[in-house]
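**Q** Kindly return the folded structure for what I paste below:
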Amino acid sequence: MDSGIQESRQIYNAPLGFFSAKLDEKGRLKFPAEFQQFFNSLGINGFFVTSLDRRIVTIYTVAEWRKTEDFLENCAAEPQYAASVLFNANDLGGRADMDGQGRLLVPAELRGELGIENQQVRLKAAGTRVYVYTDSMYAELRNQAKSMDGQAALTALKKAGLP
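**A** A predicted model of the protein is given here:
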């Protein structure tokens, strides 16, 4: 039965930096090509799309979400915070599969809560997770970073071991 031919799949690294994307009128988020290549190279197309803080969307692979869910359900150190975060995730979240065009359906409750219907967003990969920032959240974070003394921050981080 083994034909001796082995399927080889090129593995891509997680995308670096921020990427612009848009939710279409049907609530689908189209991943940029780099994200599609990355997840396809890993054989992943199933996701849990949610928000833990009701401000930033987090897209988990199903396997990553199961680990996070298990942690939150069994967190003895901060059970009240864990219960609240898990409630947010389940209240706003939903399972989504990436279609052939690299799109994910963002749950309606989540779109409504964050006001991202038919809106531009920014994506940032963190391993197999993807963070989705609204334009206003991205602007807020950008302004915080710009208001910081960049030289002092770099000096402190270099002393702490920044390569």
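**Q** Every contact and neighbour count from this point should use C-alpha atoms.
**A** OK.
**Q** how about the most centrally placed residue in the chain, what does it touch?
**A** Central residue check for the chain by C-alpha atoms, centre = their mean: the C-alpha nearest the mean position is that of V130, 1.9 Å away. For V130, the set of contacting residues under the criterion of C-alpha atoms under 8 Å, 6 or more residues apart in numbering consists of T58, I59, Y60, L123, K124.
**Q** Now the phi/psi pair for it, please.
**A** Phi and psi for V130, reported as degrees, to the nearest 10, are phi -130, psi 130.
**Q** Not counting residues beside it along the chain, what's closest to it?
**A** Closest residue to V130 in three dimensions, ignoring its sequence neighbours and counting by C-alpha to C-alpha, 6 or more residues apart in numbering: I59, at 5.0 Å.
**Q** Does that neighbour fall in a helix, a strand, or a coil region?
**A** Going by DSSP: H, G, I helix; E, B strand; the rest coil, the secondary structure assigned to I59 is strand.
**Q** for it, which residues make a bridge with it?
**A** For I59, the beta-bridge assignment (DSSP bridges) gives partners V49, V130.
**Q** Distance check, it against G127.
**A** I59 sits 11 Å away from G127 when distances are taken as C-alpha to C-alpha, to the nearest Å.
**Q** neighbour-wise, which of these two wins?
**A** Taking other C-alpha atoms under 10 Å, I59 and G127 do not tie; I59 has more neighbours (26 against 11).
**Q** so where do the strands sit in this protein?
**A** Under the criterion DSSP state E, the chain carries strands at the ranges 18-22, 28-30, 46-50, 57-61, 94-97, 103-105, 120-126, 129-134.
**Q** now the angle between strand 46-50 and the last one, please.
**A** Orientation of strand 129-134 against strand 46-50 (axes from the mean of the first three to the mean of the last three C-alpha atoms, to 10 degrees) gives an angle of 40 degrees.
**Q** could you give the angle of strand 129-134 to strand 18-22?
**A** Computed by the same axes, to 10 degrees, the angle between strand 129-134 and strand 18-22 is 60 degrees.
**Q** Mind checking the pLDDT average for strand 129-134?
**A** Regarding strand 129-134, the rounded mean pLDDT is 97.
**Q** Numbering from 15 from now on, please.
**A** Okay, residue one is now 15; in that scheme the one you just asked about reads as strand 143-148.
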